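Asks: sharing a model prediction with you, sequence too.
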Amino acid sequence: MARAKALGRNASSSTASDMTAKIRVCVRKRPLNSKEINKGEKDMATVLGCQLAVDEPKVRVDMTKYIERHNFIFDDVFDSDATNEDVYRRTAYPLVQYLFEGGKATCFAYGQTGSGKTFTMLDDKQGLYVLAARDIFIMLRKPEHSHLSAYIGFYEIYQGHLYDLLNNRKRLNPREDGKSNVVISGLKEYEIVNVQGLMQVFEYGNNVRSTGSTNANADSSRSHAIMQIVLKNRANKSVEGKLSFIDLAGSERGADRGETDVKTRMEGAEINKSLLALKECIRALDQDKKHTPFRQSKLTQVLKDSFVGNSRTCMVATISPNNSNSEHTLNTLRYADR
Ligand SMILES: Nc1ncnc2c1ncn2[C@@H]1O[C@H](COP(=O)(O)OP(=O)(O)OP(=O)(O)O)[C@@H](O)[C@H]1O
């Protein structure tokens, strides 16, 4: 129960943690889908407040079957009946508030392919980014924010390279400016004035992502997608806050599965490298370390401003509840468990 220790609270505690913490780690369990139900699969993950128990089916050497229970505690655990609105209130909403305090914030989804990362983060109608945009435009209409305008940028990272999804997948190069800020030169940003506008631009980028995936990355689960909303001062265009939503590549893609295909192996190695680097950076952030190893991958390099200075991060680890995925589920939870 490393998490309980990290939070300095009793392992039996089920109280949700501080919503303004520099880093929050939450878990979302999706419901069993009809295919899993038809196959007679069982729900192996039990949620109790901020605690989660996962029953792993195991077989002894004498071939008898048994169940091993694994317990975890996180900042929040969302059960399968939680709506995106429920998840939003306790994950991205505090980051939206922070954005208007001039902060830089990142909300990302980590998990196995099919566990609900896109559904949570970037679903085109109810993803956390849409719900956040709704509140961002409400805030922007307030007189005290009349000097601000919002811009959207959307890109993906595949095999260590950045591609602009709003500009014909143009290859982009991140660099640092004189003040150690990450600048993605050439990234196309569109000013947006309402949620509909944001959804339209997003939809365009999302189509580019899925069409491009047929030749470059066989499917979207092999790339990291980053959608950012930046608040800029209307007068001098200086950045006054940034909120990024990240749909990470499927975590199982990074595992060494003994693939023989060179391209798949290289993809896996790159995904593995970036996810490990992300974990290292989160650990450094969590432990308030002076050095954050963000240079270890392109993903962490572009997220540098989410790991240093006045930044906040929320990770939503998504899990599938069925027994045949319990190994992946446990890997996801161990990754998320700090
Ligand atoms: N909490 C949920 N409630 C209902 N349906 C869900 C939930 N989470 C995911 N789903 C459904 O499960 C399917 C897989 O989800 P999703 O595409 O978000 O997975 P993913 O983790 O993003 O996978 P990939 O890595 O392949 O992109 C989708 O059909 C989605 O609508």
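Replies: Perfect, thanks for sending it.
Asks: is the closest residue to residue 135 other than its chain neighbours in a helix, a strand, or coil?
Replies: If the residues on either side of it in the chain are set aside, residue 135 comes closest to residue 96, at 5.0 Å by Cβ to Cβ, 6 or more residues apart in numbering. All C-beta atoms are positioned from the backbone trio N, CA, C, and that covers glycine. Three-state call for residue 96 (DSSP: H, G, I helix; E, B strand; the rest coil): helix.
Asks: burial measure for the residue in the stretch 151-300 of the chain that the ligand sits nearest to, as a count.
Replies: Nearest to the ligand, among the residues of the stretch 151-300 of the chain, is residue 221, at 3.2 Å (Cβ to the nearest ligand atom). Using other Cβ atoms under 10 Å, residue 221 has 20 neighbouring residues.
Asks: wait, it touches residue 251, no?
Replies: No. Counting by Cβ atoms under 8 Å, residue 221 does not reach residue 251; the two are 9.5 Å apart.
Asks: check contacts around the most centrally placed residue in the chain.
Replies: The chain has residue 108 as the residue nearest its centroid, 1.5 Å off, counting by Cα atoms, centre = their mean. Applying Cβ atoms under 8 Å, 6 or more residues apart in numbering to residue 108 gives the contacts 121, 244-248, 313-316.
Asks: quick check: the farthest pair among those?
Replies: 247 and 313 (15.1 Å; Cβ to Cβ).
Asks: pLDDT score assigned to residue 317?
Replies: You'll see residue 317 listed with a pLDDT of 96.
Asks: neighbours of the spatially closest residue to it that is not a sequence neighbour, just the number please.
Replies: Counting by Cβ to Cβ, 6+ apart, the nearest residue to residue 317 once its immediate chain neighbours are dropped is residue 336, at 3.9 Å. Around residue 336 there are 24 other residues, counting by other Cβ under 10 Å.
Asks: wait, residue 336 touches residue 316, no?
Replies: No. Contact status for residue 336 versus residue 316: not in contact, 9.0 Å apart, counting by Cβ under 8 Å.
Asks: between these two, what contacts are shared?
Replies: Shared contacts of residue 336 and residue 316, counting by Cβ under 8 Å, 6+ apart, come down to 27, 110.
Asks: buried stuff in stretch 273-291?
Replies: Within stretch 273-291, the residues that count as buried by 16 or more other Cβ atoms under 10 Å are 273-282, 284-285.
Asks: by contact count, what packs against the host helix or strand of residue 333?
Replies: Taking DSSP states H and E as the definition, one finds residue 333 inside helix 326-336. When contacts are defined as 3 or more Cβ pairs under 8 Å, 6 or more residues apart in numbering; DSSP states H and E, helix 326-336 sits against strand 23-29, strand 51-59, strand 65-73, strand 104-111, strand 311-319.
Asks: can you tell me which helices and strands the longest helix anywhere in the chain packs against?
Replies: Ranked by residue count and defined by DSSP state H, the top helix of the chain is helix 262-286. In terms of contacts (3+ Cβ pairs under 8 Å, 6+ apart), helix 262-286 is packed against strand 23-29, helix 298-302, helix 304-307, strand 311-319.
Asks: got the contact list for it?
Replies: 6, 22-23, 110, 157, 159-160, 217, 222, 224, 248-251, 253-257, 259, 289, 291-294, 296-300, 303, 307, 311, 313, 315, 335, 338.
Asks: and the pLDDT for the residue nearest to residue 291 when sequence neighbours are not counted?
Replies: Using Cβ to Cβ, 6+ apart and skipping residues adjacent in sequence, the residue nearest residue 291 is residue 284, 6.8 Å away. pLDDT, residue 284: 85.
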